[in-house]
Every structure is written in C-alpha cells, then in structure tokens.
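Chemist: Got a predicted structure here, sequence first:
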Amino acid sequence: QNDPATSLSVESVTHVLDIATSLKHRGTSVTAFTFDGATALFTRVDTDQPYDLYFDLNRPVADQVAALAAILSKPGFSAPSEYIDLRFGAYVYVK
C-alpha cells in the first residue's frame with residue numbers, strides 16, 4: 001500500500017499461502033490480501049467473517065494462527081466488528 005513493489009519474496013508468498021490454507025482448515029474463507037509496503041510485510045486478510053485479520057509475514061504463520069485459535073476458542077468470545085491483529089507475538093489486539 002505504501003511502497004511501490006512489483007513482487008513479493010518467495011518466503012512472503014509461502015506465508016500468504018500458509019495463511020490461506022490455515023484459515024481454510026479453520027472454516028474461514030479468504031477474500032483478499034492487502035499488503036502494507038514491500039519492506040514492512042504486514043498483510044490485512046479480508047475474510048468471510050465480520051472482521052479483518054492482520055498478519056506479520058516476517059513471523060511464523062503457525063504462531064499467529066495459534067494465537068487466533070486461542071482467541072476464537074476463548075469462552076465468551078464476541079466477534080469484533082473491525083479486526084483481530086496478530087502481528088505482535090504474545091499480544092493480540094481486537095477492535
């Protein structure tokens with residue numbers, strides 16, 4: 001979005017595919033990926049859920065998906081209207 005880029009690295013593409021596959025296995029359909037620059041490598045994932053997901057393509061996808069699973073399986077979880085941000089390790093932000 002912020003930096004002009006014509007391509008992503010092989011590692012970034014692999015992470016994007018891993019995200020899409022992991023979410024599909026959880027029953028969530030991905031509709032779009034939006035990238036925040038060629039160097040920051042954050043991505044917003046638009047899904048069929050009422051909220052977006054934010055991933056850091058420099059961090060292991062499995063860790064971020066595990067954090068998402070922990071949030072979604074928490075008793076009394078109420079789906080946010082905007083996003084779940086998984087980019088910051090042990091800290092997950094929900095709005």
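Modeler: Nice, I can see it.
Chemist: Just name whatever secondary elements the least confident helix or strand in the chain by mean pLDDT is in contact with.
Modeler: In the chain, no helix or strand scores lower on mean pLDDT, DSSP states H and E than strand 30-36, which sits at a mean of 90. Here strand 30-36 touches helix 10-25, strand 42-47, going by 3 or more CB pairs under 8 Å, 6 or more residues apart in numbering; DSSP states H and E. (C-beta placed from N, C-alpha, C; glycine too.)
Chemist: what are the pairing partners of that strand, and which direction each?
Modeler: strand 42-47 (antiparallel) (DSSP bridges).
Chemist: Name the spans of the chain whose pLDDT lies under the cut-off.
Modeler: The model of the chain has pLDDT under 70 over residues 1-6, 37-40.
Chemist: Centroid-nearest residue for it?
Modeler: By CA atoms, centre = their mean, the mean C-alpha position of the chain lies nearest to residue 55, the distance being 3.4 Å.
Chemist: show me what contacts the residue lying closest to residue 90 once chain neighbours are set aside?
Modeler: Once flanking residues are discounted, residue 90 sits nearest to residue 67: 7.9 Å by CB to CB, 6 or more residues apart in numbering. Residues in contact with residue 67 (CB atoms under 8 Å, 6 or more residues apart in numbering) are 86, 90, 92.
Chemist: Mind giving me the packing neighbours of the helix or strand harbouring the first one?
Modeler: The reference is to residue 86. Under the criterion of DSSP states H and E, residue 86 resides in strand 83-88. Applying 3+ CB pairs under 8 Å, 6+ apart, one finds that strand 83-88 contacts strand 52-56, helix 61-72, strand 91-94.
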